[in-house]
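Undergrad: This is the structure alone, sequence omitted:
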């Protein structure tokens, strides 16, 4: 059988040891004689899983005092409304850099004034805008740090530009697809959230990092389940949490710590992205879609040059036969997308490059 390389955008690749350990827990959770699929989340031997997952997130990201990490259901899409429910009193500002940012903005409009400070929609989200100001009467500014569909990412330089414009406005971020892939200054944010099915766990659990003093300042009544304070007070256990994905998240965080932490994984992520982008830029048939200064390390999007467009299906078939899984681009962009999340090693990227070059040599 041809070795398979998983480039899916999400649910996506996980470390092999995490998959094996999770599979073992499905049969027998840590020697307790029960499957993790059937244990009570109130069992005394499950609480340490939640506690360790929170502690590892704090350690790996350098989360300061005054913040809590909570694990919820509903994905990042539920956060699109949960966030304004808790923070939007009069106005919110949104940077529209892709489909998910646009959806977050749409949800916020149901809770108050939500303004789009800038957008790259007119160029199919191929770049990150910089020519805008943040309204100083906004309750918060919302950004999406990485855009899986279009292959753009807020670089450290552009994040610094945002920080310099904030003034007293709170910053919140959807980091679904680049969390734990590089160091971040958590102290700059009031809330960071994301679906875990990219760099952290199987689909089904959502992480939220909350600065506690940003809560309790809206006049509306917040439904119990949509109130961040409920889950802070309940230690992520107010209702039944997604037990299996949460356990896998804890295992992934252990794996990342053993790898050397976020700083070490960032070095590998830079190397992987540079290898693949160099191959695309030197190709006679492929071309990248995102502006170079805004290229994502996590999701590399590329297409065939116009004169080779009729080979798209043929290359996809060829690559699939070589074991390249999940490289078809999103329907709104077309072409191809290779997601290089933390668990993807350099070998996988080199295999994709070899596949691309072998195909190109046939043309």
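TA: Perfect, thanks for sending it. The model shown is predicted, which means the values in this text are computed figures rather than measured ones.
Undergrad: quick one: buried residues of stretch 337-346?
TA: For stretch 337-346, the neighbour count (16 or more other C-beta atoms under 10 Å) marks 337-345 as buried. Every C-beta, even on glycine, is put in place using the N, C-alpha and C of the backbone.
Undergrad: cool, stretch 303-323 as well?
TA: Those would be 303-304, 308, 311-312, 315-316, 318-320, 322-323, for stretch 303-323 by 16+ other C-beta under 10 Å.
Undergrad: May I have the phi/psi pair for residue 299?
TA: phi -130, psi 110 (degrees, to the nearest 10).
Undergrad: related to what we said a few turns ago, can I get the buried residues of stretch 337-346 in a markdown table with distance to residue 258?
TA: Converted to a markdown table, the buried residues of stretch 337-346 look like this (distance: C-beta to C-beta, whole Å):
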| residue | distance to residue 258 |
| --- | --- |
| 337 | 29 |
| 338 | 26 |
| 339 | 23 |
| 340 | 20 |
| 341 | 17 |
| 342 | 13 |
| 343 | 13 |
| 344 | 17 |
| 345 | 15 |
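Undergrad: Mind checking which of the residues you listed land in strands?
TA: Under the assignment DSSP state E, the buried residues of stretch 337-346 contribute 337-339 to strands.
Undergrad: need the helices for the stretch 251-363 of the chain, in chain order.
TA: For the stretch 251-363 of the chain, helices defined by DSSP state H, counting those that start in this stretch occupy the ranges 261-281, 312-321, 346-362.
Undergrad: go on, the stretch 1-150 of the chain?
TA: Using DSSP H, counting those that start in this stretch, the helices found in the stretch 1-150 of the chain span residues 16-27, 47-61, 75-87, 99-108.
Undergrad: Give me whichever of those is most buried.
TA: Ranked by mean neighbour count under mean count of other C-beta atoms under 10 Å, the helices of the stretch 1-150 of the chain are led by helix 75-87, which reaches a mean of 22.
Undergrad: a markdown table for the helices of the stretch 1-150 of the chain, including distance to residue 68 and mean pLDDT?
TA: Output for those, formatted as a markdown table (distance: least, C-beta to C-beta, whole Å; pLDDT from 0 to 100):
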| stretch | distance to residue 68 | mean pLDDT |
| --- | --- | --- |
| helix 16-27 | 24 | 98 |
| helix 47-61 | 8 | 97 |
| helix 75-87 | 13 | 98 |
| helix 99-108 | 22 | 98 |
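Undergrad: for the ones you listed, which one sits closest to residue 137?
TA: Closest to residue 137 of these is helix 75-87 (C-beta to C-beta; 14.0 Å).
Undergrad: Looking at the buried residues of stretch 337-346, spot the one nearest residue 232.
TA: residue 342 (27.0 Å).
Undergrad: what's near enough to touch that closest one?
TA: The neighbours of residue 342, taking C-beta atoms under 8 Å, 6 or more residues apart in numbering as the test, are 15, 180-181, 199, 256, 265, 269.
Undergrad: One more: residue 340?
TA: By C-beta under 8 Å, 6+ apart, the contact set of residue 340 is 7, 269, 272-273, 276, 297-300, 349.
Undergrad: just residue 17 next, same as before
TA: Applying C-beta under 8 Å, 6+ apart to residue 17 gives the contacts 251, 255.
Undergrad: next one: the one 5 residues further on
TA: Contacts of residue 22 were listed using C-beta under 8 Å, 6+ apart, and they are 36, 202, 244, 247-248, 251.
Undergrad: one more time with 10 Å
TA: For residue 22, the contact set (C-beta atoms under 10 Å, 6 or more residues apart in numbering) comprises 14, 36, 201-202, 244-245, 247-248, 251-252.
Undergrad: Now tabulate the contacts of residue 342 in JSON lines and tack on distance to residue 119.
TA: Shown next, in JSON lines, are the contacts of residue 342 (distance: C-beta to C-beta, whole Å):
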{"residue": "15", "distance to residue 119": "36"}
{"residue": "180", "distance to residue 119": "28"}
{"residue": "181", "distance to residue 119": "25"}
{"residue": "199", "distance to residue 119": "26"}
{"residue": "256", "distance to residue 119": "34"}
{"residue": "265", "distance to residue 119": "31"}
{"residue": "269", "distance to residue 119": "27"}
